[in-house]
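Enquirer: got a predicted structure here, sequence first:
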Amino acid sequence: MYAWFLGYDHFHLLLKPGEEFGLSKIMQFLKRHVTRDMNYVIGHNQLDYPKSEGAIRESRLRGSEYECFRQIIDEHDQKLKLLKFRFKTEYSNRNPYPKFKWHKSYHDHYIRDDNDFDSHWEYIKRNPEKHNLPENWPYMFLNDKYEDLIDQSI
């Protein structure tokens, strides 16, 4: 993953899919899990999440892999519970919010060369300013060492 930006109404992601998972599989995973988590936070998932989703999230983890990720999963669950509490505290007197859902499709672009890559990386970098967001916008990731991640043998 080279860069991402999450704005109020859109998302940019710059990544290189791996051998095992292509772009459509990555997007399916992101959409599924982000939707589930967001709907939990805004109160649409009344199940005992995260426990109700545990089997789905952890079904591929075995032995030492499970132990390695258990702490990460537990921390994620605690953050979601805190976000739900904060959301409920701040917005409990407002009308119910509709369920979160993504557009059915997404727009993709295959990077053609180094210049194309650089322009897309810079575009993501400029998004907070472009949309008049605070200078220290926390919902963005930029890997300044991205050149180290590029496989030059391709």
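Expert: Happy to help now that I have it. Numbers count the residues shown, from 1 in each chain.
Enquirer: could you pull out the strands for the protein?
Expert: 3-6, 11-14, 140-142 (DSSP state E).
Enquirer: for the first one, packing partners?
Expert: Read it as strand 3-6. Contacts defined by 3 or more CB pairs under 8 Å, 6 or more residues apart in numbering; DSSP states H and E place strand 3-6 against strand 11-14, helix 114-130, strand 140-142. All C-beta spots, glycine's among them, are computed from the backbone N, C-alpha and C.
Enquirer: which outside residues touch the last one?
Expert: With contact meaning CB atoms under 8 Å, 6 or more residues apart in numbering, strand 140-142 is reached by 1, 3-6, 121, 124-125, 127-128.
Enquirer: give the rounded mean pLDDT of whichever helix in the chain runs longest.
Expert: The longest helix of the chain (DSSP state H) is helix 63-91. Averaged across helix 63-91, the pLDDT comes to 82.
Enquirer: break this structure into its domains for me.
Expert: Per automatic domain parsing, the structural domains of the chain span 1-40+109-154, 45-96.
Enquirer: out of these, which gets nearest to His103?
Expert: Closest to His103 of the domains of the chain is domain 1-40+109-154 (CB to CB; 9.4 Å).
Enquirer: how far does that closest one sit from its chain's centre?
Expert: 9 Å (CA atoms, centre = their mean, to the nearest Å).
Enquirer: number of nearby residues for Glu129?
Expert: 11 (other CB atoms under 10 Å).
Enquirer: export the helices and strands packed on strand 3-6 as a markdown table, with columns for mean pLDDT.
Expert: Formatted as a markdown table, those follow (pLDDT from 0 to 100):
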| stretch | mean pLDDT |
| --- | --- |
| strand 11-14 | 90 |
| helix 114-130 | 92 |
| strand 140-142 | 91 |
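Enquirer: Leu6 reaches His131, doesn't it?
Expert: No: between Leu6 and His131 there is no contact under CB atoms under 8 Å: 11.1 Å.
Enquirer: between these two, who's got more neighbours?
Expert: Neighbour count, other CB under 10 Å: between Leu6 and His131, Leu6 has more, with 16 against 13.
Enquirer: how close does the more buried one get to Asn93?
Expert: Separation of Leu6 from Asn93 (CB to CB, to the nearest Å): 26 Å.
Enquirer: list the contacts for Leu13?
Expert: 1, 3-4, 30.
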